[in-house]
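# Okay, here's the prediction I keep looking at, along with the sequence it came from:
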Amino acid sequence: MIRLSIRTSAAAALALAALALGGCEGSTTGRAAPAPPPAIPQLIRQAGEPEMMEFRPGTVPGVALTEVKTVELPGVLETTGQVTFDDRRVSSIVSRVQGRIEQTRVSLWDNVRRGEQIVALYSPDFMTAEAEYLQAQATAKVSGNSGVSGGVNLAEALVTAARRKLELLGMDDGDIAAMRAPAPVVWMRAPISGTVVENKAVRGAAVNPGDVLYSLGTLQDVWITADIYEDDLARVKLGQTMDAITTAFPDEVFHGTVERISPNIDPGTHTLQIRCEVLNPGLKLKPQMLARVRITTRPGEALVVPQDALVFDTDAYYAFVQSGSDRIERRKVVIASWSEKGVARVISGLKPGDRVVTGQTLQVNALWHEAHGESS
């Protein structure tokens with residue numbers, strides 16, 4: 001009985017081993033073989049022609065071809081801009097003598113009135129010019145009393161020249177009229193009413209002719225400088241009305257007109273700047289504030305392409321354009337912002353009627369790099 005049990009157990013073990021071995025062979029036979037890797041496409045280079053790559057839409061699953069087309073633009077052009085001072089309403093207080101700053105009465109962001117005393121300068125040049133003016137006045141008075149017409153004319157010419165020298169040194173008419181004796185310290189006054197936007201005056205500091213001590217600006221009217229794409233240039237004219245909205249005052253609309261159009265176009269972004277003069281009630285708009293700009297203009301057209309037709313590689317966007325039945329060309333594309341979801345506005349690189357690859361553009365771009373022996 002013991003021997004029979006051993007034999008029976010051995011037979012069972014052999015049977016189980018045979019079943020296991022057969023099951024392994026069966027699973028190996030039934031498993032699908034791995035798909036072979038796709039062949040690396042060939043590049044096509046011809047003299048005078050752009051570089052192309054052999055490609056059929058069925059090569060990569062999910063790839064389709066879409067035609068680039070133009071669409072109607074609305075009668076309102078939207079862009080973003082930045083508030084700046086109107087440079088026609090900005091003025092500087094400049095030292096016209098060599099000397100030092102004796103006293104200051106205003107600081108940065110103070111509001112000043114035209115003619116208000118701003119900074120006192122000490123300089124021997126003031127004293128010399130004042131003495132010449134007072135001497136010329138005394139000479140003119142003596143010449144007038146003498147009754148000699150030629151002497152009177154010469155003396156008056158000397159007074160005029162001496163007064164002009166004081167004006168060139170920055171003295172105010174009222175200060176010249178009130179002058180009774182030469183003094184080395186003269187107050188510089190505000191040339192306009194406005195806000196101190198730059199302050200370089202420090203008490204006791206030495207100054208030289210040409211040094212800017214203060215800059216003043218007004219905010220009653222401001223510029224908003226905005227960028228537009230060159231494709232929109234034909235739609236923008238001087239005098240067109242515009243509205244601006246800021247994040248600081250989202251419920252308030254500021255109105256203005258297009259006053260300047262830049263003669264230069266940025267070759268990198270294909271944009272140019274416009275300057276709009278905007279009314280600033282309550283002085284709410286501040287320099288460097290961002291604004292959303294809407295310009296009322298005539299309708300136009302824009303060239304658009306699906307966003308999934310574009311691939312960003314290194315530092316630019318590219319699209320794959322069909323060229324013949326079985327080849328594609330990779331083109332660099334410059335795009336602009338576009339409000340419609342899933343669509344990009346084309347500035348350069350494509351033209352109406354071009355058929356571009358959409359869908360799996362990343363895989364197609366990887367094949368392009370493989371064809372060049374590069375790593376994507």
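Sure thing, it's come through. Residues are numbered from 1 along each chain as shown.
# Please report the distance of residue 303 from residue 122.
As judged by Cβ to Cβ, to the nearest Å, residue 303 and residue 122 stand 66 Å apart. In this view, the C-beta of every residue, glycine as well, is placed from N, C-alpha and C.
# Helices of this structure, start to end?
All helices of the chain, identified by DSSP state H, fall at 2-30, 124-146, 149-168, 173-178, 361-371.
# So for the second one, mean pLDDT?
Helix 124-146 shows a mean pLDDT of 88.
# cool, and the first one?
Confidence over helix 2-30 (mean pLDDT, whole number) is 42.
# Residue 182 contacts residue 125, correct?
No - counting by Cβ atoms under 8 Å, residue 182 does not reach residue 125; the two are 11.1 Å apart.
# Relative to residue 219, how far out is the residue positioned nearest the centre of the chain?
Nearest to the mean C-alpha position of the chain, by Cα atoms, centre = their mean, lies residue 227 at 7.2 Å. Computed with Cβ to Cβ, the distance linking residue 227 and residue 219 is 23 Å.
# cool, residue 196 as well?
12 Å.
# and if you look at residue 128?
In terms of Cβ to Cβ, residue 128 sits 40 Å off from residue 219.
# okay, those two: which has more neighbours?
residue 219 (20 against 14; other Cβ atoms under 10 Å).
# how near is the more buried one to residue 90?
Distance from residue 219 to residue 90, by Cβ to Cβ: 11 Å.
# Same check on residue 330?
Residue 330 is 49 Å from residue 90, by Cβ to Cβ.
# if you count what's nearby, which of those two comes out ahead?
The residue with more neighbours, out of residue 330 and residue 90, is residue 330; 19 against 16, by other Cβ under 10 Å.
# What pLDDT does the model give the more buried one?
pLDDT at residue 330 comes out at 94.
# Then residue 365?
At residue 365, the model reports a pLDDT of 91.
# same deal with residue 45?
So, for residue 45, pLDDT stands at 85.
# So what's the residue count around residue 140?
With other Cβ under 10 Å as criterion, residue 140 counts 21.
# Could you report the distance from it to residue 201?
Counting by Cβ to Cβ - residue 140 and residue 201 are separated by 36 Å.
# quick revisit: can you pull up the bridge partners for the residue nearest to the centre of the chain?
residue 273 (DSSP bridges).
# go on, residue 216?
residue 91, residue 196.
# Was I right to think it contacts residue 188?
No - contact criterion Cβ under 8 Å: residue 216 and residue 188 do not qualify, at 11.7 Å.
# what residues do these two have in common as contacts?
Common contact partners of residue 216 and residue 188 (Cβ atoms under 8 Å, 6 or more residues apart in numbering): residue 93.
# In the stretch 51-200 of the chain, where is pLDDT below threshold?
146-152 (pLDDT under 70).
# Surely residue 206 touches residue 100?
Yes - using Cβ under 8 Å, residue 206 is in contact with residue 100, at 5.1 Å.
# Compare those two and say which one has the larger neighbour count.
Neighbour totals were compared for residue 206 and residue 100, and residue 100 leads with 16 against 11 (other Cβ under 10 Å).
# so what's that one up against?
Counting by Cβ under 8 Å, 6+ apart, residue 100 has contacts 121, 122, 123, 204, 205, 206, 207.
# For the third one, which non-adjacent residue is spatially closest?
On the basis of Cβ to Cβ, 6 or more residues apart in numbering, the spatially nearest residue to residue 123 that is not a chain neighbour turns out to be residue 99, at 3.1 Å.
# Tell me how far the one you found lies from residue 122.
5 Å.
# Please enumerate the shared neighbours of those two.
What both residue 99 and residue 122 touch, as defined by Cβ under 8 Å, 6+ apart, is the set residue 184.
# can you pull out the strands in the stretch 201-350 of the chain?
206-207, 212-217, 221-229, 241-246, 254-261, 271-279, 290-296, 300-306, 310-313, 316-322, 327-336, 343-348 (DSSP state E, counting those that start in this stretch).
# Out of these, which is closest to residue 364?
strand 316-322 (5.5 Å; Cβ to Cβ).
# can you pull the buried residues of that closest one?
317, 318, 319, 320, 321, 322 (16 or more other Cβ atoms under 10 Å).
# can you check stretch 275-293 too?
Buried-residue list, stretch 275-293, by 16+ other Cβ under 10 Å: 275, 276, 277, 278, 280, 285, 289, 291, 293.
# Looks like the last one contacts residue 76 (just checking).
Right, residue 293. No - contact criterion Cβ under 8 Å: residue 293 and residue 76 do not qualify, at 10.2 Å.
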